[in-house]
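**Q** Turn this into a structure:
(one chain, ligands or ions: 2)
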Amino acid sequence: MSGTLVDVNGVRIWKGLLSPDLQREMVGDLRDVAAVAPFRRYETPGGKKMSVRMSAAGKVGWVTDRAGYRYDALQPDGDAWPEIPATLLDAWSATSGVERMPDSCLVNFYGEGAKMGLHQDRDEADLNWPVVSISLGDDALFRVGQVTRGGPTRSVWLKSGDVAVLSGRARLAYHGIDRIRFRSSSLLADGGRINVTMRVAR
Ligand code: MD3
Ligand code: FE
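**A** Ligands and ions are numbered 1, 2, ... in the order given. Predicted coordinates for the structure are as follows:
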């Protein structure tokens, strides 16, 4: 794995880290994940349907409904989550800088028009562990702000094969996806973008 490191408000992004072959292998592994844990459109505690479809792998998966955001050992249908694929765990080992392995992997799918508003990730029990994010498929306009809401933001396009490592001050930064460039990549035959985030949730 090789690439060039870019720093955006403390978010470290390895551009072009994953080869096209490895990206294709990861997509195949994620199809197997989705066969066990289908992509679902969750409702926020406020009652809004998210435009991003979500699946997960690991001991626990991130879910949301009217009851709130949380990590759950079971899918909404009561089944266990599938294991985190080895291709993804290898990327964690290569980039996270920690020996501890993730216990949760959130898989986000962005179809045409999907986006994710500015938010913080703070549902994990110990916010000192890093998060590793892998982009696959269409380009996405990623926005990173500060640890407090309303501060200045910077934007960068995330491309297929980029890997972002969130640690230190960036771990609690506000961030979101403003839009994707639908069909800018040919990795996914029907277009769209997959973002994988590995975490130590518990
Ligand atoms: C900065 N995902 O799953 S990836 C998320 O592209 C999430 O689907 C976006 O925000 C996506 O929570 C952004 C980059 C990313 C991921 C996790 C972070 C940036 C982060 C956690 C803390 C700070
Ligand atoms: Fe996030």
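**Q** Just say helix, strand or coil for the one residue in the chain that gets nearest to ligand 1.
**A** Nearest residue of the chain to ligand 1 (Cβ to the nearest ligand atom) works out as residue 195 at 3.3 Å. All C-beta spots, glycine's among them, are computed from the backbone N, C-alpha and C. The three-state label given to residue 195 by DSSP: H, G, I helix; E, B strand; the rest coil is strand.
**Q** and the residue lying closest to it once chain neighbours are set aside, how many neighbours?
**A** Spatially, and ignoring its direct neighbours in sequence, residue 195 is nearest to residue 108 (4.4 Å; Cβ to Cβ, 6 or more residues apart in numbering). By other Cβ atoms under 10 Å, the residues close to residue 108 number 23.
**Q** what does the one 3 residues further on give?
**A** Residue neighbour count, defined by other Cβ under 10 Å, stands at 17 for residue 111.
**Q** For the longest helix seen in the chain, name the packing helices and strands.
**A** The longest helix of the chain (DSSP state H) is helix 20-36. Packing partners of helix 20-36 (3 or more Cβ pairs under 8 Å, 6 or more residues apart in numbering; DSSP states H and E): strand 53-58, helix 86-95, strand 104-110, strand 131-137, strand 193-199.
**Q** Let me see the contact set for the nearest residue to residue 100 once chain neighbours are set aside.
**A** Closest residue to residue 100 apart from its sequence neighbours, by Cβ to Cβ, 6+ apart: residue 200 at 5.9 Å. Neighbouring residues of residue 200 by Cβ atoms under 8 Å, 6 or more residues apart in numbering: 100-104, 124, 126, 129.
**Q** rerun at 6 Å
**A** Residue 200 is in contact with 100, 102-103, 129, counting by Cβ atoms under 6 Å, 6 or more residues apart in numbering.
**Q** Can you tell me how far it is from residue 71?
**A** Residue 200 sits 11 Å away from residue 71, going by Cβ to Cβ, to the nearest Å.
**Q** quick one: terminal-to-terminal distance for stretch 179-190?
**A** 17 Å (Cα to Cα, to the nearest Å).
**Q** tell me which parts of the chain are close to ligand 1?
**A** 11, 106, 108, 116, 121, 131, 133, 140, 164, 166, 170-171, 173, 175, 177, 195, 197 (Cβ under 6 Å from any ligand atom).
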